[in-house]
Structures are given as structure tokens and as C-alpha cells.
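Student: The sequence isn't on hand, but the structure is:
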């Protein structure tokens, strides 16, 4: 049985607010973005599909538009929080890479 990988406390994820998460990947640290959409935890790899840059402008600092959508700090691509699809900007119709998570007993874990 594989050990679960803890990401954060459940109450760290809030609708319309994005946080940076870090876990250990096969080749080193992996940086993620976490939020909630209609109560469900959503997590993606912190990498814009436009040019492969992180979406945040500083550690754990993300731009959000008035509708609660994530905005890439480098080139302004806008991603909706349900599926991480780009709805505006240079990578229109591309998507962030989703990371499967589970929520148990007030914690968020990577899914196996």
C-alpha cells in the first residue's frame, strides 16, 4: 500500500482564492495551484500552457479577475476554476494540467 501524500488542510482551499502547494515529485519539487470550485477541491500543476511559466507573480501570489478566475501573471491568460480551461488570452482553449486529489478528515491528499 502506498502512503498518501498530504498537500494541505481542507480549510486552506477557498472558492475564488488560489494558493501555491508543493510536493515532492519523481524528479524533485513539484509546484501546484489549489482552490475550490463550488465546494470541490481543485488542484493543477503550476505551469501555464502558453509558455510553461508558473502562473504566480511571486511565491503564493496569484492574480484573480473579478469573476474569481485565475490570471497568468506573465501574459494574462485567464483560466476558469472548474476545469482549468483557458477562456481568454494567448493559450485560448488550452487547459492547466489537473492533479487528482482526495479530501479526508479535513485534509487534502494526492490521489494514488
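Tutor: Yep, that arrived. Computed from a prediction, not measured in an experiment: that's the story for all the values here. Numbering: from 1, shown residues only.
Student: Distance from the chain centre to the helix or strand where residue 22 lies, please.
Tutor: Secondary structure assignment for residue 22, by DSSP states H and E: strand 19-25. The chain centre lies 9 Å from the centre of strand 19-25; the measure is CA atoms, centre = their mean, to the nearest Å.
Student: helices and strands around whatever helix or strand comes next after it, which ones?
Tutor: Using DSSP H and E, the helix or strand that follows strand 19-25 in sequence is strand 28-37. Here strand 28-37 touches strand 5-9, strand 19-25, strand 40-45, going by 3 or more CB pairs under 8 Å, 6 or more residues apart in numbering; DSSP states H and E. Yep, even glycine has a C-beta here, placed from its N, CA and C like the rest.
Student: swap the cut-off to 7 Å and go again
Tutor: When contacts are defined as 3 or more CB pairs under 7 Å, 6 or more residues apart in numbering; DSSP states H and E, strand 28-37 sits against strand 19-25, strand 40-45.
Student: Quick check: buried residues in it?
Tutor: Residues 30, 31, 32, 33, 34, 35, 36, 37 are the ones in strand 28-37 that count as buried (16 or more other CB atoms under 10 Å).
Student: center of this protein - which residue?
Tutor: Nearest residue to the geometric centre of the chain (CA atoms, centre = their mean): residue 33, 2.4 Å.
Student: In this structure that residue contacts residue 22, no?
Tutor: No - Residue 33 lies out of contact with residue 22 (CB atoms under 7 Å); the separation is 10.9 Å.
Student: okay, and for this protein, where does confidence drop off?
Tutor: 1-3, 112 (pLDDT under 70).
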